[in-house]
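Student: need coordinates for the following:
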Amino acid sequence: MSKKIGFPRSLFYFLYFPFWNTFFTELGFEVVTSLPTTKYSLDLGVKEAVNDACMPIKLYHGHTAEIKDKVDVLFLPRMVSVRKLDKETFCPKFLGLPDMIRNSIDNLPPIIDEKVELSKGYFAQWKLSQRVAEKLGKTGWEVWRAYKKSRKVQREYIEDMAAGMEQQAAMDKAVYGKNKIEITMLQKPIKLAILGYPYLIYDSFINVGLLEKLENMGVEPLTVEMVPPKRLEAQGKNLEKQLFWHFSNRTMRATYYYIKEKKVDGIVHATAFGCGPDAMVDKLMELEAKNNGRIPFLTLSLDEHTGEAGVMTRIEAFVDMLKIRRRANESIISNNG
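Tutor: Here you go, the predicted model:
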């Protein structure tokens, strides 16, 4: 019977799961993820985590606690950097997650907590993959083959989202090997950039189904991951100084892209209450939106107490305002024509 490896469905799951799922599966292991977030996940995380942890960190504890008794090994990488030869890093709470989990949750199986530090050079990801495989008793060519396949699947996953595929559809394709999913780009009257960290944007429990509800309202939501990677990278020149945090830099670059390319009618920043880096990013985004064409901007602060009614009331009012603004602009153009 193959060894079961646990991978909590939170935080970096939404961007990097295709790589690690492929890698472990190709090596002959079974990957077990927690279920999509529910109130039980959150309540369990609140119970297990330290009080001053932000909501995403609490949720990660909950997802880990859910699967700890169902697996032989937990994969909880210590996320430091994912950009080659760059100085940006992840939030300190990401760096210390394995230690927080060990000291908060009882009766854990063995943990693989290898440091993900891709800024160390061009072969850092391969060396990381070797170290993880060795912890599982795997070496040689089968590790290289698994690594090459994982890189290919991860690259296609990123490309699919940049081409406009919804994150869940892209994930299903990467994980289950479905045939190429046709991307239908519907022309909707209002386009909103929904920006923030992926573990907030793509977890529909945390954000009370924000993306789905916007689509039902006839609004096209656009995210950080829908920006072509090279175009996203190029926006770094607009920052006078690069931020320290990886996800913060991605969010700011996407903000510049959607503003300068005039791609959206408005911007919504989904932020975790109590997140220090996010508080700074939120103000920078608001200023850029104001100073570059006065793009309407809305902040949605999310925590374990966030209610659907409160979020949807604000979103509906914001969308209504954008529709009124759109009609007014069209009227002006029509009269001048």
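
Student: next up, the contacts around the residue nearest the centre of the chain.
Tutor: Closest to where the C-alpha atoms of the chain average out (Cα atoms, centre = their mean) is residue 198, at 1.7 Å. Each residue near residue 198 by Cβ atoms under 8 Å, 6 or more residues apart in numbering is listed here: 14, 15, 167, 224, 225, 247. C-betas here are computed from N, CA, C, even on glycine.

Student: tally of neighbours for the first one?
Tutor: What that stands for is residue 14. Neighbours of residue 14 under the rule other Cβ atoms under 10 Å: 19.

Student: that one: which element?
Tutor: helix 13-26 (DSSP states H and E).

Student: if I look at the nearest residue to residue 211 once chain neighbours are set aside, how far off is residue 19?
Tutor: Leaving aside its chain neighbours, residue 211 sits nearest to residue 221 (5.0 Å; criterion: Cβ to Cβ, 6 or more residues apart in numbering). Residue 221 is 25 Å from residue 19, where distance means Cβ to Cβ, to the nearest Å.

Student: ok, of the contacts of residue 198, which one's closest to residue 128?
Tutor: Of all the contacts of residue 198, residue 128 sits closest to residue 15, with 15.6 Å by Cβ to Cβ.

Student: and that closest one, what does it touch?
Tutor: 198, 225.

Student: try 7 Å this time
Tutor: For residue 15, the contact set (Cβ atoms under 7 Å, 6 or more residues apart in numbering) comprises residue 198.

Student: okay, it and residue 116: tell me how far apart.
Tutor: Noted for residue 15: a distance of 12 Å to residue 116, by Cβ to Cβ.

Student: any low-confidence regions in the stretch 101-250 of the chain?
Tutor: 178-188 (pLDDT under 70).

Student: that one: strands as residue ranges?
Tutor: Along the stretch 101-250 of the chain, the segments classed as strands by DSSP state E, counting those that start in this stretch run 111-112, 115-117, 190-196, 219-222.

Student: quick one: which of these is nearest residue 239?
Tutor: Per Cβ to Cβ, nearest to residue 239 of the strands of the stretch 101-250 of the chain: strand 190-196, 14.9 Å.

Student: just the buried residues of the closest one, please?
Tutor: 190, 191, 192, 193, 194, 195, 196 (16 or more other Cβ atoms under 10 Å).

Student: many thanks, I have nothing further to ask.
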